[in-house]
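**Q** Have a look at this prediction, sequence included:
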Amino acid sequence: MLIIIIATIIRLIPIRFRYLLGYDPYFHLAYIEEALKAGDWFNFFTLANGPWGFQVKTFHPLGLWMTPAYIYKILKIFGVSIQTAFKITPVIFGVLTIAFFYLALLKFYDEKRAFFASLFLALSFGHVFRSMVNYYRGDNYMLFWYSVALLGVSYGFYMKERLGHKRFAFYLIPALASGLASIFWQAYYPIFIFLILNGIFLAIGSFLLDRREYLLDSSAIVLSTAFGAMIANYLGGKFGYGMLGYNREFGRSIASELGIELGVIKDAYLSIHLYYLVLISLIFLAMLFLLSRFIKDRKTRAVVIVGLGIVALLVFLLKFPALKELSRVFGMFEGVPIMETRPTNFQDVWNAFSISIFLSPLFFLRFHPDRVKVEDFLFLGLIIPSLYMLSTWARFVSIGSLAIAIMAGVGLVEAYELITPRLENKKAFGAALILLILFPAINAAFAFKNALSMDPFMNEAWEDALTWLKNNSNENDVVLAWWDYGTWVTYYARRAPVAEIAPNSDVALYYLGERDENWAMGLGVDYVIVSYYDFIKFGAIVKTANAHPRYNASKKYGLMVLPLTSSYGGVLTFERKGYKISVKPGDVWEVQANIEGRIISPQELYVEYQGRVVKPKLSYSNTETYLYINLDYQYAIFMNAEAFNTTLTKLFINASEPYELVYSDGGLIKILKLKHPNVKIDRSGNKVVFSFDNATGTRLKIWGFLDNGTMVFEKEYNVENKAEFELPQEVKGEVIRYACFKDKRVVDMGIFRGD
């Protein structure tokens, strides 16, 4: 109960915030709200990925969204809103993970080791940040289901003497848990890796320690993953497949490399698991079983294990080289500036685990020949792949949290029990006891500090801007914003952004001026959002543009955002990272920029104050650089000519035709309307009418889609010189996509639900 209380408190710290943390949770909540409103878990989400729409079945399985919705349905009798239910769902499953983790370790070890390992997990910020209130991601569910599976395995161990072979019924729990994990997160596959390696390492431990009876448990664990894979495949047809499913390009690519046909089994990983990994594992276990009957010496058995490991590696590399293709998943975002998918560094590990990362090697004290047990080997099946994943992507510190907690908690108790019998006086014994308490306390201090330092990216300025957009635009309007903010557009404005969830190099190129308004018009873009925050992310915009396969990066962009640090003596000083800019206002403004000791003056200055942008005269200029100052929000943007001439900068400072500034808060967020032959949707009863603003279009092409994404209608209509066009009765489909042409050029596109 103490662990549960601590775990709950630390995960509830961000509940003080009005806004959700991060970006993706806003997409999830928007879809849940729209599905509840419609009374159906529809697939074709028209408020995302404009102008094409977003098919939910190609993202996460439905369980990711259904879970908060059903928790809401349970709690709404107590007055709990869908927003609150959504916020607290991660905490519920995060704390349950810790509870099942504790109960499992209680069976494998004892109360002390279960307590400290679970305490370290409760205080692991690597686990906290995926299971805290206001932040919603799918890996939290995978860890939960693994803790359930681990509890089932522990009962298989614990009931050995009491139930005999009947205990093998408990191995149905990991089968069900691994199968059910498939409907909550698109990347649920690690649960199968953990479990099958649990079985393999348990077999290795059984072989080395001459506990041949546990080879049956190893086989049961491996076979449970086969049943789990079949359950996952069946559930995929009901709730949606994972990221390697037959309906994903990456899944089809992996299957093609392996020569696997996605027929009955419709997921590339599940096919690999059933056709390769389970079979290879069972052959390995059978070999150990046979060898255990003839080889009795422990050292000889160790040599045999090393030899079999080398042979298995060679077989893996030579006989099944295509299996290496699975590692491509870790390179799918290579070169793209996403914080979560960059390689993990020491700061990431320290923030996630604090002192426990240094305690984790103590776990291997258990591998002394006189103390080691088969369950210690079993946990290597979790530890080894977790450490590999943890080192690959920064986001995987959450996946590694269970492994680090086991190693630190069990290892700390192991060290304590190893040292204390050798202590001769009470003071030394007391010091050891204090350290036993101090180490978790240090972890707690850092975990609470990190949790308290969390801050939402969303703020009132964004909410006001996007609420304005919702109230002053049409349901079919398409919005262009930087991809990070696309989910906010979907949630607050209930409009379809061009980019969200993942980087979009074309949007980056548009902001840099490498895509023009005709490109945006061809996508049906009606509104463009530019913001102060885009300049903060300018480096990421450039990197994302450079990731485009056909873009030849040649320009050298230079841009720095500097806060106002002083206004003493009528001189405004802006400073950041070796840049210091001094500005003295007057009839003629004096500007000097100290760039790491070099004094220069910009060619042009723009000043925004109380919603007006002016261009003061400068006393002197000696470089082709540009300076924008915002006096309302007290910051400056210093840039070279390449950065100044980008579309982002032009729209933010001084927009011109065909753009019209329609919303501005004076320096944080600006919304511009792209003037073009726009099509807007008007509804009157059961009628849907296309209204043409600046009716220069000549043809209107309409596609109709079923909710599952199947196109069932396609036809062009003449709309030349028409102000309105009623959606014909012959059009079929629940989702309508349209494109308006002027001769052969697309001048507007969009999508909406017809039902």
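**A** That came through, no problem.
**Q** Could you use CA atoms for every contact and neighbour count after this?
**A** Will do.
**Q** Are there helices or strands packed against the helix or strand bottoming out on mean pLDDT in the chain, and which ones?
**A** In the chain, the helix or strand scored least confidently by mean pLDDT, DSSP states H and E is helix 298-318, which has a mean of 79. If you count contacts as 3 or more Cα pairs under 8 Å, 6 or more residues apart in numbering; DSSP states H and E, helix 298-318 packs onto helix 190-208.
**Q** Now do the helix or strand harbouring Met230 against helix 190-208, angle only.
**A** Using DSSP states H and E, Met230 sits in helix 214-239. Here the directions of helix 214-239 and helix 190-208 differ by 170 degrees (axes from the mean of the first three to the mean of the last three Cα atoms, to 10 degrees).
**Q** List the buried residues for helix 214-239?
**A** 214-236, 239 (16 or more other Cα atoms under 10 Å).
**Q** Could you give the separation of the helix or strand that comes right after it from the chain centroid?
**A** Counting by DSSP H and E, the next helix or strand C-terminal to helix 214-239 is helix 249-258. Averaging C-alpha positions (Cα atoms, centre = their mean, to the nearest Å) puts helix 249-258 22 Å from its chain's average.
**Q** Following element in sequence after helix 249-258, please.
**A** helix 268-272.
**Q** element containing Tyr606, please.
**A** strand 604-609.
**Q** Touching that strand from outside, list them.
**A** Strand 604-609 has contacts (Cα atoms under 8 Å, 6 or more residues apart in numbering) with 613-618, 625-632, 653, 666-667.
**Q** Partner strands of it and their direction?
**A** Here strand 604-609 is paired, per DSSP bridges, with strand 612-614 (antiparallel), strand 625-630 (parallel).
**Q** out of the ones you listed, which comes closest to Ala441?
**A** Of all these, strand 625-630 sits nearest to Ala441, with 45.2 Å by Cα to Cα.
**Q** Can you name the element that comes right after that closest one?
**A** strand 635-640.
**Q** for His127, phi and psi?
**A** Taking degrees, to the nearest 10, you get phi -90, psi -40 for the backbone angles of His127.
**Q** isn't it right up against Ala405?
**A** No: in this structure, His127 is not within contact of Ala405 by Cα atoms under 8 Å, at 9.8 Å.
**Q** buried ones in the strand holding Tyr606?
**A** Buried residues in strand 604-609 (16+ other Cα under 10 Å): Glu604, Leu605, Tyr606, Val607, Glu608.
**Q** still on that earlier bit, which residues are in contact with each of His127 and Ala405?
**A** By Cα under 8 Å, 6+ apart, His127 and Ala405 have these common neighbours: Leu121.
**Q** helix or strand right after the least confident helix or strand of the chain?
**A** Next along from helix 298-318, by DSSP H and E: helix 346-353.
**Q** so after that following helix, what's the next helix or strand?
**A** In N-to-C order, the element after helix 346-353 by DSSP H and E is helix 356-359.
**Q** For that following helix, which helices and strands make contact with it?
**A** helix 401-419, helix 426-453.
**Q** by contact count, what packs against the last one?
**A** Where contact means 3+ Cα pairs under 8 Å, 6+ apart, helix 426-453 is packed against helix 2-11, helix 111-122, helix 125-131, helix 346-353, helix 356-359, helix 401-419.
**Q** State the three-state secondary structure for the closest residue to Leu197 other than its chain neighbours.
**A** In space, and not counting its chain neighbours, Leu197 is closest to Gly381: 4.3 Å by Cα to Cα, 6 or more residues apart in numbering. Here Gly381 is helix, with the state taken from DSSP: H, G, I helix; E, B strand; the rest coil.
**Q** what sits against Gly381?
**A** Phe194, Leu195, Ile196, Leu197, Asn198, Gly199, Ile200, Phe201.
**Q** Correct me if wrong: the fifth one contacts Ile383.
**A** Read it as Asn198. No: Asn198 is beyond contact range of Ile383, at 9.5 Å (criterion: Cα under 8 Å).
**Q** which residues of the stretch 601-750 of the chain score low on pLDDT?
**A** By pLDDT under 70, the stretch 601-750 of the chain contains no weakly predicted segment.
**Q** Tell me where it has helices.
**A** Secondary structure of the stretch 601-750 of the chain (DSSP state H, counting those that start in this stretch): helices located at 641-644, 647-654.
**Q** Rebuild the ones you listed as CSV, extending it with mean neighbour count.
**A** Listed next are the helices of the stretch 601-750 of the chain as CSV, based on neighbours: other Cα atoms under 10 Å:
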stretch, mean neighbour count
helix 641-644, 19
helix 647-654, 19
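**Q** Any idea which of the helices and strands packed on helix 426-453 gets closest to Leu244?
**A** helix 125-131 (22.7 Å).
**Q** Following that closest one in sequence, what is the next regular element?
**A** helix 139-158.
**Q** and the angle from that next one to helix 214-239?
**A** Going by the same axes, to 10 degrees, helix 139-158 makes 150 degrees with helix 214-239.
**Q** Just the closest of the contacts of Gly381 to Phe448, please.
**A** For the contacts of Gly381, the nearest to Phe448 is Phe194 (29.3 Å; Cα to Cα).
**Q** ok, that closest one to Pro385 distance?
**A** 7 Å (Cα to Cα, to the nearest Å).
**Q** Could you check which of those two has the larger neighbour count?
**A** Phe194 (23 against 18; other Cα atoms under 10 Å).
**Q** and the closest residue to the more buried one other than its chain neighbours, how far is that from Phe201?
**A** In space, Phe194 comes closest to Leu382 once its chain neighbours are excluded; the distance is 5.0 Å by Cα to Cα, 6+ apart. Using Cα to Cα, Leu382 is found at 10 Å from Phe201.
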